[in-house]
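Visitor: Give me a model of this one.
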Amino acid sequence: MLINLGPRALAWRDWNLSASTRVLARPNDLDALGHVNHAVLLEYLDAGRWEWLRSVGAGSTVGAILAVVTRIEVDYVREVRLGEWRVRTQLVGPCRDPTFKVEFRQSIEPFGSTSAGAFVKGRVSVAFIERSTRLLRTFEDFLTREE
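Guide: Modelled structure (predicted):
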């Protein structure tokens with residue numbers, strides 16, 4: 001099955017596409033201990049998921065179908081401090097077709113470093129609902145929706 005994204009069709013088996021985005025930790029992101037607050041790190045992961053969606057042509061925050069986070073698991077491996085960071089996002093393939101929920105694997109790493117590894121690792125489950133009815137919709141519906 002292919003998901004029609006205009007010029008870029010995405011096959012179910014090709015869902016291991018990854019995207020990355022750069023974020024800059026700002027002084028107001030820090031907590032009293034001098035590292036980025038854990039709630040702000042969740043915002044960085046959110047930015048990474050939107051970048052992944054944008055990279056497959058579905059990055060709009062408006063529309064009839066909404067992406068809703070249903071579960072987040074985060075491992076804080078090392079402190080994230082001021083500086084530039086890369087958020088890497090990869091979609092974990094669905095178990096069946098159609099799928100009403102997908103899972104993203106994400107990490108936050110120092111920007112420009114290939115050897116430091118992930119400072120934060122996350123797994124985020126996302127479901128899709130219709131804005132007006134609040135009923136579940138498929139991931140395919142979300143990707144191919146008309147604005």
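Visitor: and the most centrally placed residue in the chain, what does it touch?
Guide: With distances taken as CA atoms, centre = their mean, the residue of the chain nearest its centroid is residue 49 (1.9 Å). Contact partners of residue 49, counting by CB atoms under 8 Å, 6 or more residues apart in numbering, are 67, 89, 104, 106, 124, 126. Heads up, the C-betas are built off the backbone N, CA and C, glycines and all.
Visitor: Among these, give me the pair with the biggest separation.
Guide: Maximum pairwise distance among these (CB to CB): 14.3 Å, between 67 and 106.
Visitor: Scan this protein for its longest helix.
Guide: Using DSSP state H to define each element, the chain has its longest helix at helix 38-55.
Visitor: For the next helix or strand after it, buried residues please.
Guide: Later in the chain than helix 38-55, the nearest helix or strand by DSSP states H and E is strand 65-76. Neighbour-count burial for strand 65-76 flags 65-67, 74 (criterion: 16 or more other CB atoms under 10 Å).
Visitor: what packs against strand 65-76?
Guide: helix 38-55, strand 120-130, helix 139-144 (3 or more CB pairs under 8 Å, 6 or more residues apart in numbering; DSSP states H and E).
Visitor: Let's see that with 6 Å instead.
Guide: Under the contact criterion of 3 or more CB pairs under 6 Å, 6 or more residues apart in numbering; DSSP states H and E, strand 65-76 touches strand 120-130.
Visitor: And the strand it packs on, how far out from the chain middle?
Guide: From the chain centre to the centre of strand 120-130 is a distance of 7 Å (CA atoms, centre = their mean, to the nearest Å).
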